[in-house]
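**Student:** Pasted the sequence and its predicted model underneath.
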Amino acid sequence: MRFCPQCGASLMPGAKFCVECGASLTSAAPSAEPAISQTIRNMPLTTAFVGVFLAILIVGLLAAGWVMLRKPVQTASESGGSIAPGSGVNSMGGTAGNAAPGQLPPGHPKVELPPEALSFIEKMEKDAAAHPNDIATWNKLGGVVTRAAMFDPSYYPKAAEAYGHVLKIDPDNLEALRGIGDVDYDTEKYDQAIAAYEHYLKKKPADPEVITDLGTMYLYTGNADQAIAQYRKALAIRPDMFQAYFNLGIAYAQQNKPSDAQAALKKAAELAPDDNARNQVKEVIAKIAGISPAGGPAPGAPSAATPSTFQGQIEQVVRDLPIAGPKVGAIQWPDKTTARVMMNNFPMDQMPPFAKDKFMNDLKSGIDSAKKNYKISGKVEVDLVDSASGRVMETITE
């Protein structure tokens with residue numbers, strides 16, 4: 001079901017309730033309520049949270065694709081068999097859009113927390129303030145506002161404050177350590193999330209979910225080797241963990257090890273909780289192989305037609321980039337070797353450093369190739385411009 005039968009609002013995959021009108025969608029085809037996405041952590045839902053946020057609960061929120069990761073995956077033909085974390089899996093174009101960690105995908109209707117939810121949160125805040133040494137109450141507050149932040153990111157500071165309060169009282173409190181790690185994960189404070197998860201695992205070393213989340217944080221910070229080690233550690237504890245196998249496949253793809261990546265992803269496909277998750281895995285496998293599931297070129301793969309001009313090849317290079325291509329609105333040419341690429345909803349400053357490096361290197365390589373093909377010896381300049389503001393986000397000079 002893609003649209004609410006009551007109000008017609010667009011629905012997210014796996015939604016049980018319409019976020020616009022609150023109508024139940026239980027008549028939709030049953031699902032296993034996947035807690036997956038490309039390197040997305042699990043978000044256990046407490047009874048209190050379900051009771052209060054019933055009308056806006058969305059099961060199986062996918063952040064990212066960027067193994068995204070929360071972003072669109074990169075085709076093997078562009079990356080030599082690797083996959084780059086996307087803007088948000090789903091990183092990661094066709095999976096879940098380009099949502100930032102812990103946030104709804106772009107284009108999703110704005111979610112207003114209902115008055116009952118706001119009242120409940122306010123009551124919890126007052127209760128916590130009245131009991132400053134009650135660790136359970138402060139952890140409960142942290143959990144509720146973290147989940148509220150999935151719909152309204154302004155709640156993340158409140159969650160961090162709640163968990164931080166607990167850790168001042170008890171620096172080894174496991175619930176608060178995991179909670180603050182999850183908040184740092186969602187707000188892209190990856191080094192801080194690593195510190196919190198590592199502290200947690202010193203006290204509880206056999207938690208496969210936190211081990212997997214730690215691995216993902218290493219992957220975000222450019223340490224694929226350490227990420228792989230963590231995913232394997234998680235699988236040694238829980239051999240049937242779908243998310244760990246999926247993320248392991250993505251990490252191998254980052255290392256340009258397509259055979260290892262496909263082996264891990266095929267295992268993930270066997271363990272997938274439902275058809276949606278299984279199809280997502282198949283799409284990633286197909287991208288690594290450079291083909292679509294139906295046997296044609298993979299989405300985002302370079303087009304077969306050869307441009308007849310230098311400017312045409314540059315435009316093809318830009319539009320074929322798996323992360324940036326779908327975001328290109330227009331390309332302007334002030335002169336023959338200067339291009340202004342107008343990007344729609346492509347915040348480069350939010351890209352993890354290793355993903356931005358990969359993106360920039362791919363673009364530079366494409367420009368160099370076009371210069372050789374058309375015997376351009378002078379300087380070529382490409383400005384990446386935010387369409388909404390007109391701001392030049394990056395200038396590539398080759």
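**Tutor:** Arrived safely.
**Student:** for the nearest residue to Val392 once chain neighbours are set aside, helix, strand, or coil?
**Tutor:** Nearest residue to Val392 in three dimensions, chain neighbours excluded: Asp383, at 5.0 Å (Cβ to Cβ, 6 or more residues apart in numbering). C-beta coordinates here come from the backbone N, C-alpha and C atoms, glycine included. Classification of Asp383 using DSSP: H, G, I helix; E, B strand; the rest coil returns strand.
**Student:** got it, and Gly378?
**Tutor:** Gly378 ends up coil, using three-state DSSP.
**Student:** What backbone torsions are found at it?
**Tutor:** Per-residue torsions, Gly378: phi -80, psi -180 (degrees, to the nearest 10).
**Student:** swap in Ile228?
**Tutor:** Here is the backbone geometry of Ile228 (degrees, to the nearest 10): phi -60, psi -40.
**Student:** Tell me who's in contact with it.
**Tutor:** 215, 248, 251-252, 255 (Cβ atoms under 8 Å, 6 or more residues apart in numbering).
**Student:** picking up where we left off before, contacting residues around the residue nearest to Val392?
**Tutor:** 338-341, 392, 394-395 are the contacts of Asp383 under Cβ under 8 Å, 6+ apart.
**Student:** Just the buried ones among those, please.
**Tutor:** When these are checked for burial by 16 or more other Cβ atoms under 10 Å, the buried set is 339-341, 394.
**Student:** Just to be sure, Ala330 is in a strand?
**Tutor:** Yes - assessed by three-state DSSP, Ala330 belongs to a strand.
**Student:** Just confirm Ala234 contacts Asp213, I think it does.
**Tutor:** No - applying Cβ atoms under 8 Å, one finds Ala234 not in contact with Asp213, separated by 9.3 Å.
**Student:** can you give me the strands for the stretch 201-350 of the chain?
**Tutor:** With DSSP state E, counting those that start in this stretch as the criterion, the stretch 201-350 of the chain has strands at 328-335, 338-343.
**Student:** So, low pLDDT: which residues of the chain?
**Tutor:** Along the chain, the parts satisfying pLDDT under 70 run over 1-111, 290-306, 322-323, 351-352, 354-355.
**Student:** Spell out, range by range, the helices that occur in it.
**Tutor:** Counting by DSSP state H, the chain has helices at residues 47-52, 76-79, 115-130, 135-148, 156-169, 174-186, 190-203, 208-220, 224-237, 242-254, 258-271, 275-289, 310-320, 353-373.
**Student:** okay if I get the ones you listed as TSV plus distance to Gln332?
**Tutor:** TSV is the format used below for the helices of the chain (distance: least, Cβ to Cβ, whole Å):
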stretch	distance to Gln332
helix 47-52	48
helix 76-79	24
helix 115-130	46
helix 135-148	42
helix 156-169	37
helix 174-186	36
helix 190-203	35
helix 208-220	33
helix 224-237	37
helix 242-254	33
helix 258-271	37
helix 275-289	30
helix 310-320	11
helix 353-373	16
